[in-house]
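> next one to model:
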Amino acid sequence: MRKNIVAGNWKMNKNLQEGIALAKELNEALIADKPNCDVIICTPFIHLASVTPIVDKNIIGVGAENCADKVSGAYTGEVSAEMVASTGAQYVILGHSERRAYYHETVEILEEKG
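Numbers count the residues shown, from 1 in each chain. The predicted structure is shown next:
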């Protein structure tokens with residue numbers, strides 16, 4: 001039987017120091033009381049390299065809140081899946097309702113990202 005997954009992200013609501021503090025707090029709470037599910041936190045890009053090494057990967061998975069639909073190239077401000085992976089993150093949220101609503105991401109765009 002597959003384990004349930006609980007994933008969360010903090011969107012554009014934490015600066016780097018607040019994001020690190022939140023990740024540490026969650027890490028400590030889950031070490032003390034191990035959940036019966038997989039827990040994943042997906043952070044803004046600028047937090048990934050700082051948050052990934054401070055959480056216990058046996059308890060918390062780390063991912064990005066989005067990634068580009070391109071592998072590389074002159075796409076200012078975009079971050080590829082390979083760049084996300086280079087931080088140690090293993091997950092990416094794709095198809096979030098906010099991305100679809102605010103940035104008009106379509107199924108076709110999501111297929112390119114996947």
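
> CA atoms of the host helix or strand of residue 42 as CSV?
In the assignment (DSSP states H and E), residue 42 maps to strand 38-43. Output of strand 38-43 as CSV, limited to C-alpha atoms (Å, rounded to 0.1, in the frame of the first residue of the first chain):
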residue,chain,number,x,y,z
ASP,A,38,5.5,11.3,3.6
VAL,A,39,6.1,15.0,4.3
ILE,A,40,7.3,17.4,1.6
ILE,A,41,8.0,21.1,1.8
CYS,A,42,8.3,23.1,-1.4
THR,A,43,10.1,26.4,-1.0
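
> tally of neighbours for residue 20?
16 (other Cβ atoms under 10 Å). In this view, the C-beta of every residue, glycine as well, is placed from N, C-alpha and C.

> how about the helix or strand hosting it: buried residues?
Secondary structure from DSSP H and E places residue 20 in helix 16-32. Judged by neighbour count (16 or more other Cβ atoms under 10 Å), helix 16-32 contains these buried residues: 19, 20, 22, 23, 26, 27, 30.

> picking that back up, what's the strand holding residue 42 in contact with?
3-10, 19, 23, 26, 30, 51, 55, 59-65, 91-93 (Cβ atoms under 8 Å, 6 or more residues apart in numbering).

> residues of that strand that come out buried?
39, 40, 41, 42, 43.

> equivalent analysis for stretch 59-67, please.
Here stretch 59-67 shows 60, 61, 62, 63, 64, 65, 66, 67 as buried, counting by 16+ other Cβ under 10 Å.

> and the residues you listed, which is closest to residue 35?
Comparing the buried residues of stretch 59-67 against residue 35 with Cβ to Cβ places residue 60 closest, at 9.6 Å.

> look up how far residue 33 lies from the closest one.
Distance, residue 60 to residue 33, using Cβ to Cβ, to the nearest Å: 13 Å.
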